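[1] Fold the stuff below for me.
(one chain, ligands or ions: 2)
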Amino acid sequence: MSGILSPSVMCADLLNLSSEIEKLDKLGVEYLHIDFMDNKFVPNITFDTNMVKSFKKPMKNIRRDIHIMAFEPQNLFDAMDIGEGDIVSVHYEACKDPHSVLADIKGRGAKPCIAISPDTPVKTVEPFLNEVYAVLLMTVYPGFAGQPMAPKSMERLSELKSLISDFNKDVLIEVDGHVSWDHCQEMRKRGADIFVAGSSSVYGKGYEIDEAVKKFYDLVR
Ligand code: DX5
Ligand code: ZN
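    Ligands and ions are numbered 1, 2, ... in the order given. This next block holds a predicted model:
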């Protein structure tokens, strides 16, 4: 299976989002990474639930890849109109009962994904491997774009890949944070499947979006 691209919309041109998303859709990009932040779990706010809901409308092929950095995220699912085709990532660190939150996502026809921050041991995800579509491995500390990679991220990626190989080969790995031109190939080699591309790659300087998307796919195919 080729690498899957999920450009981080918070890194796009926020004053021209509709045309930005249409460009990605036309380029055949599979997912749009939408970061929701509550200013409690992380000290930042990005889009509100209405905006997250609106990202459902203008897309033909591209699907929502919603990364919820909020406590008790299940309280937001109705407002975000979570449903068929969405990937929904919730943080292990932000849920009192992650099992029931993941089941709620699945019950809505969406793809449940457990996210862990850089200081959370990789083994933490083991009890969820039969309930998730993917594991979101944060390779920066959640909350802001444009950060350097968190220490030991590559080692953690390899550790996660071997954990999944032992327990449930079908589970995918999504990497999120400083997924740069220099890092993405090694991440692919170490087992990453879905790449959240932001300010250090497709939304970085020097490339038009169509060239950047093509370059990224060439690197992670
Ligand atoms: C950070 C977000 C990331 C971020 C990635 O909390 O989860 O998706 O937008 O941005 P870069 O690629 O600049 O690290
Ligand atoms: Zn994210």
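
[2] Spell out which parts of this protein neighbour ligand 2.
    Residues of the chain lying near ligand 2 by Cβ under 5 Å from the ion: 35, 67, 176. For every residue, glycine as well, the C-beta is placed using N, CA and C.

[3] low-confidence ranges in this structure?
    Scanning the chain for pLDDT under 70 picks out 58.

[4] and the residues of the chain next to ligand 2 near ligand 1, which?
    35, 67, 176 (Cβ under 6 Å from any ligand atom).

[5] which ones among the residues you listed are found in strands?
    Cross-referencing those against strands under DSSP state E gives 35, 67, 176.

[6] buried subset of those?
    The neighbour-count test (16 or more other Cβ atoms under 10 Å) marks 35, 67, 176 as buried among these.

[7] quick check, nearest of those residues to residue 131?
    residue 67 (17.8 Å; Cβ to Cβ).

[8] isn't that closest one right up against residue 136?
    Yes. Assessed by Cβ atoms under 8 Å, residue 67 is found in contact with residue 136 at 6.6 Å.

[9] where do the contact lists of the two overlap?
    89, 115, 176 (Cβ atoms under 8 Å, 6 or more residues apart in numbering).

[10] which one of those residues sits closest to ligand 2?
    Nearest to ligand 2 among the shared contacts of residue 67 and residue 136: residue 176, at 4.4 Å, using Cβ to the ion.

[11] Enumerate the beta-bridge partners assigned to the residue nearest to the closest one when sequence neighbours are not counted.
    Leaving aside its chain neighbours, residue 176 sits nearest to residue 196 (4.0 Å; criterion: Cβ to Cβ, 6 or more residues apart in numbering). Beta-bridge partners recorded for residue 196 (DSSP bridges): residue 6, residue 176.

[12] Touching, residue 196 and residue 9? I think so.
    No. The criterion here is Cβ under 8 Å, and residue 196 misses it with residue 9 at 10.3 Å.

[13] Find residues that contact each of those two.
    residue 33.

[14] Between those two, tell me which one has more neighbours.
    A side-by-side neighbour count of residue 196 and residue 9, using other Cβ atoms under 10 Å, places residue 196 first with 29 against 25.

[15] what residues are up against the residue in the chain that ligand 1 sits nearest to?
    Nearest to ligand 1 in the chain, going by Cβ to the nearest ligand atom, is residue 198, at a distance of 2.4 Å. With contact set as Cβ under 8 Å, 6+ apart, residue 198 has these partners: 7-8, 10-11, 33, 145-146, 177-179.

[16] Apart from its neighbours in sequence, what residue is nearest residue 161?
    Nearest to residue 161 is residue 191, by Cβ to Cβ, 6+ apart, at 3.1 Å.

[17] cool, residue 110 as well?
    Residue 110 sits nearest to residue 86 (Cβ to Cβ, 6+ apart), 4.1 Å away.

[18] Name the nearest of the contacts of residue 198 relative to residue 101.
    For the contacts of residue 198, the nearest to residue 101 is residue 33 (19.3 Å; Cβ to Cβ).
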